[in-house]
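S.K.: no sequence for this one, just the structure:
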């Protein structure tokens with residue numbers, strides 16, 4: 001299935017071992033039997049995550065989040081399917097959904113899976129995973145409390161800082177002073193501190209940070225970058241910052 005091979009064209013490395021590999025089992029081999037897969041259990045100091053590692057991790061975490069409330073309903077599958085189609089195209093999305101349906105039948109050791117991701121995946125890619133989980137859970141313009149709790153636990157297990165979790169959360173669920181929370185600063189910050197925080201967040205969430213994941217995954221990073229710019233623009237207008 002060449003289209004799915006394109007989706008994981010960067011190779012599969014560390015996900016083929018540990019709890020993620022155990023969950024995927026024979027699925028990867030049967031789905032991409034005509035695709036050349038580069039595998040390695042070694043994670044370099046830079047930990048530049050391959051597309052396959054990221055894609056498989058996303059599927060496992062999506063299944064864990066969907067099972068968070070103890071049941072999986074058709075509407076949730078429809079939302080995820082729409083998301084995958086929009087991001088990756090119909091052929092790859094259809095194949096990903098086949099794998100997801102199998103994963104939903106399995107017991108997901110969420111903490112162990114997240115610890116494997118934390119150990120092997122670069123931080124920028126983990127932030128991107130978190131953003132995608134929020135994106136999917138908010139597909140119907142609301143997020144179930146059990147889903148939010150699941151995403152929060154996943155974030156903690158993956159080693160995402162509290163400030164980064166709150167920042168991404170406020171991109172979807174605005175709270176009081178959400179623009180400041182997105183920039184990870186307090187409303188009492190000076191104008192210079194606001195500018196400094198914006199430059200820091202713009203660098204952290206720049207799409208180029210996850211460019212190694214390929215264009216399909218990179219384009220979702222534009223959403224975070226846009227939210228950071230919108231938050232900064234709102235604060236500038238409120239404070240008349242030039």
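M.R.: That came through, no problem. None of the values given here were measured: they were computed from a predicted structure. Numbers count the residues shown, from 1 in each chain.
S.K.: let me see the domain layout of this structure.
M.R.: What automatic domain parsing lists as the domains of the chain is 1-160, 161-242.
S.K.: what's the least confident stretch among these?
M.R.: With a mean of 79, domain 1-160 has the lowest mean pLDDT of the domains of the chain.
S.K.: just give me how far it sits from the chain centre.
M.R.: Counting by Cα atoms, centre = their mean, to the nearest Å, domain 1-160 is centred 8 Å from the centre of its parent chain.
S.K.: ditto for stretch 196-206
M.R.: Mean-position distance between stretch 196-206 and its chain equals 19 Å (Cα atoms, centre = their mean).
S.K.: quick one: contacts of that stretch?
M.R.: Identification of contacts with stretch 196-206 by Cβ atoms under 8 Å, 6 or more residues apart in numbering yields 124, 127, 167, 182-185, 189, 221, 224-225, 228-229, 232. C-betas here are computed from N, CA, C, even on glycine.
S.K.: now for the residues you listed: which two are most distant?
M.R.: Longest distance between any two of the contacts of stretch 196-206 is 25.3 Å, between 189 and 221; criterion Cβ to Cβ.
S.K.: rewinding a little: next, format the domains of the chain as CSV and append mean neighbour count.
M.R.: Listed next are the domains of the chain as CSV, based on neighbours: other Cβ atoms under 10 Å:
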stretch, mean neighbour count
domain 1-160, 18
domain 161-242, 17
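S.K.: check the secondary structure at the spatially most central residue of the chain for me.
M.R.: Residue closest to the mean C-alpha point of the chain, counted by Cα atoms, centre = their mean, is residue 129 at 1.4 Å. Following DSSP: H, G, I helix; E, B strand; the rest coil, residue 129 is assigned to helix.
S.K.: how about it, what does it touch?
M.R.: Contacts of residue 129 (Cβ under 8 Å, 6+ apart): 54, 57-58, 61, 117, 121, 158.
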